[in-house]
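Participant: need a structure here:
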Amino acid sequence: MAEVILRNIFKRINGVEFLKDLNLEAADGAFCVLAGPAASGKTLLLRIIAGLEDINKGDILMDNVSIKNESPKKRDIAMVFQNFALYPAMTVYENMAFGLKIKSFKRKDIFARICEAAEMLNIENILGKYPKEISEEEKQRTAIGRALVKKPKVFLFDEPLSNVNLQSRAKIRLELKKLQKRLKSTFIYATRDKTEALSLADTICLLREGTVEQISETSIIYENPINKFTADFLSSPSMNFFQIDVMRKANGAICFSEGNFDLLLTEGLKEKFNIFLGQKLIVGIRPEHIYLKYKSIMSDEEKNSYSFKGKIELIEPLGSKTNLHLNTGKHKFIVEINFSNTFREEEEIELVMDYNKMYVFNSQDGARIV
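Facilitator: Residues are numbered from 1 along each chain as shown. Here you go, the predicted structure:
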């Protein structure tokens, strides 16, 4: 186990800056997830931690000792790659043993470590098989096992489940979480999958274009995104966004307005948005926080203030949940509900937004306002 700290990391390749003054702390024994879209710097950052890439500026600390000039072999770090990287001419056992043989481990110690890892990963029955003879899920378990037998201080995972089918992905994800708890090791895991990020992480570090957008505990970053990018990336389905004007009506009421689409603000919110009168803002709300008006438990005042009508363009059944794709004439929304058999496409329905779950962002830079 070890704490990993990155300080002011800069990385340029052919004159192009890919990582820009990046800071990160992965606590001892934590499951830290590097999340972000493609080309955000996740894989590059893992390779820098592993010692496979150098840095132009900054420092890498493990337990408060700089390792930036240490070779990969001396860093006590194991990395699981996206493409498995198994040797095709070696059995599963030989693949797992390879790194230990290079380090001159005794045969009995290698055997003991492989048996222990195979039991943890439930791959005892494939140790004598070759990669071409096993499934993608088993290949991924083998790659994890190869890292596991080294018993490193830090494990790095580079989108390890992207080549595994959906059913196996959910299974391995659960087992990885259990494994990390059992080992009490530091895991740093890169993914562009928001479900993986939210389900695995103790801490999420959200990256975009080589910079850290936000880093925090999972529950905090989900409930309190600092900007539109973070709010949208960690929502599944994507958060609904619409641009509005903050306006005062003739009767003194303040509302979010665009055309015939008005959301009246409650007394509690009037004060907060009075200073934004005449400005354009962006409102965001997750699909699960929009309800059918007649089923909502909100007060009548709240229902009337935050209700709107929309026509159903598409019904998307997803097992226990259903997504309704709505068109208000001005905006398109996704609403997540628990049933769908009572609705038809082209039907107009009335909904209400949970104003306690609304996020408001600056329309210029996407920074969160409230």
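Participant: How is this protein partitioned into domains?
Facilitator: Using automatic domain parsing, the domain ranges for the chain come out as 4-225, 240-362.
Participant: Just put those domains in CSV and tack on distance to residue 233, mean neighbour count and mean pLDDT.
Facilitator: Glycine gets a C-beta too; all of them are placed from N, C-alpha and C. As requested, those are arranged in CSV below (distance: least, CB to CB, whole Å; neighbours: other CB atoms under 10 Å; pLDDT from 0 to 100):
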stretch, distance to residue 233, mean neighbour count, mean pLDDT
domain 4-225, 6, 18, 93
domain 240-362, 12, 15, 82
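Participant: Tell me which of the ones you listed sits nearest to residue 232.
Facilitator: Smallest distance to residue 232 across these (CB to CB): 7.3 Å, for domain 240-362.
Participant: Please produce CSV containing the domains of the chain, extended by distance to residue 231.
Facilitator: Formatted as CSV, the domains of the chain follow (distance: least, CB to CB, whole Å):
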stretch, distance to residue 231
domain 4-225, 4
domain 240-362, 5
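Participant: All the helices of this structure, in order from the start?
Facilitator: All helices of the chain, identified by DSSP state H, fall at 42-50, 92-102, 107-121, 136-148, 166-183, 194-200, 218-223, 228-233, 267-273, 300-305.
Participant: For residue 70, which residues are in contact?
Facilitator: Residues in contact with residue 70 (CB atoms under 8 Å, 6 or more residues apart in numbering) are residue 51.
Participant: And it, how far from residue 99?
Facilitator: As judged by CB to CB, to the nearest Å, residue 70 and residue 99 stand 17 Å apart.
Participant: what's the answer for residue 81, then?
Facilitator: 13 Å.
Participant: for residue 140, same thing?
Facilitator: According to CB to CB, residue 140 and residue 99 sit 17 Å apart.
Participant: And residue 75, by the same measure?
Facilitator: For residue 75, the distance to residue 99 equals 13 Å [CB to CB].
Participant: Please apply the same query to residue 267.
Facilitator: In this view, residue 267 and residue 99 are 65 Å apart by CB to CB.
Participant: Then residue 293?
Facilitator: Distance from residue 293 to residue 99, by CB to CB: 60 Å.
Participant: Residue 111 now?
Facilitator: Distance, residue 111 to residue 99, using CB to CB: 14 Å.
Participant: Quick one: the helices of the chain as JSON lines, columns for distance to residue 62 too.
Facilitator: Below are those laid out as JSON lines (distance: least, CB to CB, whole Å):
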{"stretch": "helix 42-50", "distance to residue 62": "9"}
{"stretch": "helix 92-102", "distance to residue 62": "19"}
{"stretch": "helix 107-121", "distance to residue 62": "22"}
{"stretch": "helix 136-148", "distance to residue 62": "17"}
{"stretch": "helix 166-183", "distance to residue 62": "17"}
{"stretch": "helix 194-200", "distance to residue 62": "22"}
{"stretch": "helix 218-223", "distance to residue 62": "24"}
{"stretch": "helix 228-233", "distance to residue 62": "28"}
{"stretch": "helix 267-273", "distance to residue 62": "45"}
{"stretch": "helix 300-305", "distance to residue 62": "51"}
